[in-house]
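1. Kindly generate the corresponding structure for this input.
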Amino acid sequence: MRRRNLAVSVLCIALASGPLVPFGANAATRTTTFTVSLTLQNDCQIAANPLNFGNSGVIAANIDQTTTLSVTCSNGASYNVGLDAGSVSGSTVPNRLLASTGTPLPTVAYQLYRDAARTLVWGQTVGTDTVSGTGTGAAQTVTVYGRVAPQTTPAAGTYSSVVTATVTF
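-> Residues are numbered from 1 along each chain as shown. I've put the predicted structure just below:
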């Protein structure tokens, strides 16, 4: 009986002292550290919405419309947005053209401006006729002001051009 009591006592003491570790086994750990990093460079993205002058008959008065560009640049990055002359053959920044189909190619003159008064033509020469800004890290809206001025009205049809917007940063 004494032996049994001794064995039970030893077992109780062993269980109370924690998990049983085989004799001679030592648990060990090692740690290390590592660096986590990210390098951000100045960057910009640009997106554009279409500019639609709608439907018209005779072009006897200004047809004004607006559209927007979305510019997203790194926080603090300076940028300039330029607009080219468009895709119609013979179109220039000072004399932008919309074209339909036919021979000779029928065109409608129009212009894109940087201001609501439509006095500052929007071109693509940085520091001269572009729109500048500073990135915030979030999308910024830039308005494009368009105008078809009174002119001799060409044949009925759909007139269009593809303008390229470029952000320089």
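
2. before we move on, what SS does the spatially most central residue of the chain have?
-> Residue closest to the average C-alpha location in the chain (C-alpha atoms, centre = their mean): Gln45, at 3.4 Å. Following DSSP: H, G, I helix; E, B strand; the rest coil, Gln45 is assigned to strand.

3. Okay, it and Ser37: tell me how far apart.
-> 23 Å (C-beta to C-beta, to the nearest Å). Heads up, the C-betas are built off the backbone N, CA and C, glycines and all.

4. same check, this time on Val162
-> The value you get for Val162 to Ser37, if C-beta to C-beta is used, is 41 Å.

5. quick one, which of these two is more surrounded?
-> Val162 (8 against 4; other C-beta atoms under 10 Å).

6. so which strand or helix has the more buried one?
-> Following DSSP states H and E, one finds Val162 outside all helices and strands.

7. wait, isn't it in contact with Gly86?
-> Yes - counting by C-beta atoms under 8 Å, Val162 touches Gly86, with 6.4 Å between them.

8. and the spatially closest residue to Leu120 that is not a sequence neighbour, how many neighbours does it have?
-> The shortest distance from Leu120 to any residue other than its chain neighbours is 4.4 Å, reached at Arg114 (C-beta to C-beta, 6 or more residues apart in numbering). The number of residues packed near Arg114 is 20, by other C-beta under 10 Å.

9. go on, Pro106?
-> 17.

10. Please name the residues that touch it.
-> By C-beta atoms under 8 Å, 6 or more residues apart in numbering, the contact list for Pro106 reads 99-100, 154-155, 157, 159.

11. contacting residues around stretch 125-143?
-> 42, 44, 66-82, 93, 114, 116, 120-124, 168-169.

12. which residues does Ser132 bridge with?
-> Asn80 (DSSP bridges).

13. Okay, now the unreliable bits of this structure?
-> 1-24 (pLDDT under 70).

14. can you give me the strands in it?
-> Applying DSSP state E to the chain gives strands spanning 44-48, 63-73, 78-83, 96-99, 107-113, 131-134, 139-148, 165-168.

15. And the fifth one, what does it pack against?
-> The criterion is 3 or more C-beta pairs under 8 Å, 6 or more residues apart in numbering; DSSP states H and E, and the helices and strands that strand 107-113 contacts are strand 96-99, strand 139-148.

16. List the buried residues for the longest one?
-> Taking 16 or more other C-beta atoms under 10 Å as the basis for neighbour counts, the residues of strand 139-148 that come out buried are 140, 142, 144-148.
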